[in-house]
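J.: coordinates only, sequence not included:
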């Protein structure tokens, strides 16, 4: 079945710096890709989703890149701020089943 | 729109007791999912309903876990004879049938089995 690897598991950046999180997946037929943010004690908040025919999507300081050749999905938080500190998950969807990465704990230091 | 509602937010049970977790999906969402989240295993798929019908329960431990969706406005996850290893955050999510990429999650129920 589909395998998703997410890295790094922990990431610390200074306020104003960019933070990049990468996921790799195995099934080339994967159709949908998403990124979620989870703050302490809360559920997952959808940040952005892209279809497999999209290479790049930008919204509100977030950039998602999809490299289908390398089966790699990335999330770039440009100009991170302390409020971005949370756990971030990538997710890939085939049919109805969603497979999540293990998560990245992001700490943005003031 | 209140989002996905899960109750209770926290539940503590003794070993061997039953726990019932409730989920109210977003109105109009016909796809409902249950996940279990632990530090060790991460997010694990448990079960999926479409239009209230159980479609895939391949993630459910067979013996003590059961899930139902008696109507379009709520789903329940029941754990019988709870064990300490059942301690986790149980997340419910819903989405529309047209948008596979965007699941909306509830805040979760933190289950602690003593």
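T.: Structure received. Note that the structure is a prediction, hence the values are computed from the model and not measured.
J.: hey, let's count contacts and neighbours off CA atoms from now on
T.: Noted.
J.: so who does the closest residue to residue A:14 other than its chain neighbours touch?
T.: Computed as Cα to Cα, 6 or more residues apart in numbering or on different chains, the closest residue to residue A:14 that is not its neighbour in sequence is residue A:109, at 4.7 Å. The contact partners of residue A:109, by Cα atoms under 8 Å, 6 or more residues apart in numbering or on different chains, come to A:12-15, A:81-82.
J.: Tell me the one of those residues nearest residue B:101?
T.: residue A:81 (26.7 Å; Cα to Cα).
J.: What about the residue lying closest to residue A:83 once chain neighbours are set aside, how many residues nearby?
T.: Distances taken as Cα to Cα, 6+ apart place residue A:108 nearest to residue A:83, at 7.7 Å, with adjacent residues excluded. Other residues near residue A:108 come to 21 when the count uses other Cα atoms under 10 Å in any protein chain shown.
J.: likewise residue B:11?
T.: Count around residue B:11 with other Cα under 10 Å applied: 16.
J.: My impression was that it belongs to a helix - is that right?
T.: No: secondary structure of residue B:11 (DSSP: H, G, I helix; E, B strand; the rest coil): strand, not part of a helix.
J.: Now do the contacts for the nearest residue to it once chain neighbours are set aside.
T.: Leaving aside its sequence neighbours, residue B:11 sits nearest to residue B:111 (Cα to Cα, 6+ apart; 4.9 Å). Applying Cα under 8 Å, 6+ apart to residue B:111 gives the contacts B:10-13, B:86-90.
J.: do residue A:27 as well
T.: Residue A:27 neighbours (Cα under 8 Å, 6+ apart): A:1-3, A:71.
J.: just residue B:84 next, same as before
T.: B:15, B:112-114.
J.: And it, how far from chain A?
T.: Note on residue B:84: its distance to chain A, by Cα to the nearest Cα, to the nearest Å, is 20 Å.
J.: Next: residue B:95.
T.: 10 Å.
J.: Next up, the contacts around the closest residue to chain A within chain B.
T.: Of all residues in chain B, the one sitting closest to chain A is residue B:107 (4.0 Å; Cα to the nearest Cα). By Cα under 8 Å, 6+ apart, the contact set of residue B:107 is A:41-44, B:4-6, B:9, B:91.
J.: Mind checking which of the residues you listed are in helices?
T.: Judged by DSSP state H, helices contain none of the contacts of residue B:107.
J.: Quick one: which of these is the most crowded by neighbours?
T.: residue B:91 (27 neighbours).
J.: Angles on the backbone of the residue nearest to residue B:86 when sequence neighbours are not counted, please.
T.: Residue nearest to residue B:86 in three dimensions, not counting chain neighbours: residue B:113, with 6.8 Å by Cα to Cα, 6+ apart. Main-chain torsions, residue B:113, degrees, to the nearest 10: phi -110, psi 120.
J.: Same check on residue A:84?
T.: For residue A:84, the backbone dihedrals are phi -80, psi -10 (criterion: degrees, to the nearest 10).
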